[in-house]
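*Asks:* Prediction below, plus the sequence it came from.
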Amino acid sequence: MDQAIIIEKGIFIVVIFAITMLFAMYETLAERKIAAWFQDRIGPNRAGPGGILQPLADGLKLFSKEEFFPNTENRFLFIAGPAISMTTALMTSAVIPWGDKLSIFGRDVVLQATDINIGMLYVFGVLSVGVYGIMIGGWASNNKFSLMGAMRASSQMISYEVAMGLAIVSLVMMTESLSLGEIAAGQHSWRWNVLYQPVGFLIFLVCSFAETNRTPFDLAECEAELIGGYHTEYSSMKMGFYLFAEYASMFISSTILAILYFGAYNYPGMDWVESVIGSNGANIIGIIVLFAKICFFIFFYMWVRWTIPRFRYDQLMKLGWKMLIPLAIANIIVTGIIILLADQNL
């Protein structure tokens, strides 16, 4: 392999890792500021100008907290739980196309760590492993509330992964590809998939809330019933890993939503902009557009959290198994009929 490619991909991976961690860190501040805005409060404003250093203060506090281990023989699993959650939250960024290629020093730099032809299967595979981090952490905590929270989370994530996968089937039927790079490139200008798959988008969006354990689907850690859920017994940075994993997952989930349904780095008038300022300028604007879409979905996650109360657990399961899965199957059938009719007309 060309040494330049190894250096290029290494730098790119480090940059994406840093951006993901930075987003996860400042999502905590954004959530608290948005919650304060909705509730007519000020929010954090002591650490730095306007509270800009609050995430650093929170991280320092977590590092300085006492390490606690419950009275259990499963100490290795107790440590492995948050490590698995954090790792799976970060691994999905490997196949995400963050923009079109840039020409730097006469070399075309592809803004994607790796473009495998089964990118969507990779994302689903990694996300499905994330449930083990929660389940192992709850089991190793030697606490019945943690175990109940972990079992709730695992059953919830597995249930909604079924509907999410079926929603993706309709999209794959239409795009004829599992590669995230090809799906993104196929939405040039205004040809965004949400215009052709609005039902699939809504199903995927609802399932994304359940997959990231966000309100109204945060039954795994609802304080009124389970104290703190699966991370009740965790302290210091082990708890920080669980919290960071949630916000990193929210960032990656927002990115996947933007790429699959909202055109990724594509925007209206992209060809005209490219003819005026060149391909590099147009592609840099595309990167900015992608991150603007990501920030919108992150805001939407937080908006829903501070607006809608959480479901009961039976309502959550009824929505997943009795509503979303039949709706996703119906969407597959309708999509198949439309594709067949379109092919016959051609």
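*Replies:* Everything's here; your move.
*Asks:* hey, where'd the helices end up in this protein?
*Replies:* 3-38, 54-64, 75-91, 119-140, 144-175, 180-185, 198-211, 223-226, 236-261, 270-305, 313-318, 325-345 (DSSP state H).
*Asks:* and the gap between M25 and L56?
*Replies:* Distance of M25 to L56, given as Cβ to Cβ, to the nearest Å: 8 Å. Every C-beta, even on glycine, is put in place using the N, C-alpha and C of the backbone.
*Asks:* between those two, which one's more packed in?
*Replies:* Legend: neighbour count by other Cβ atoms under 10 Å for M25 and L56, higher for M25 (17 against 13).
*Asks:* quick one: which of the helices of the chain is nearest P44?
*Replies:* Taking Cβ to Cβ, helix 54-64 is the member of these nearest to P44, at 4.4 Å.
*Asks:* So which helix or strand of the protein has the lowest pLDDT on average?
*Replies:* Ranking every helix and strand in the chain by mean pLDDT, DSSP states H and E puts helix 223-226 at the bottom, with a mean of 58.
*Asks:* who touches the nearest residue to W321 once chain neighbours are set aside in this structure?
*Replies:* Computed as Cβ to Cβ, 6 or more residues apart in numbering, the closest residue to W321 that is not its neighbour in sequence is S159, at 6.3 Å. By Cβ atoms under 8 Å, 6 or more residues apart in numbering, the residues touching S159 are A210, M317, G320, W321.
*Asks:* Adding pLDDT, write those residues out as JSON lines.
*Replies:* Output for these, formatted as JSON lines (pLDDT from 0 to 100):
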{"residue": "A210", "pLDDT": "86"}
{"residue": "M317", "pLDDT": "88"}
{"residue": "G320", "pLDDT": "88"}
{"residue": "W321", "pLDDT": "91"}
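*Asks:* what about burial for those residues, which qualify?
*Replies:* Burial by neighbour count, 16 or more other Cβ atoms under 10 Å: within those this picks out A210, M317, G320.
*Asks:* And the second one, how far from W37?
*Replies:* The span separating M317 from W37 equals 33 Å under the rule Cβ to Cβ.
*Asks:* pLDDT score for M1?
*Replies:* Predicted confidence (pLDDT) for M1: 53.
*Asks:* before we move on, what about G228?
*Replies:* For G228, pLDDT reads 65.
*Asks:* same question, the one 5 residues further on
*Replies:* Model confidence at E233, expressed as pLDDT, equals 82.
*Asks:* who touches it in this structure?
*Replies:* By Cβ under 8 Å, 6+ apart, the residues touching E233 are F68, P70, F78, S141, N142, N143, S146.
*Asks:* cool, and S177?
*Replies:* N117, I183, G186.
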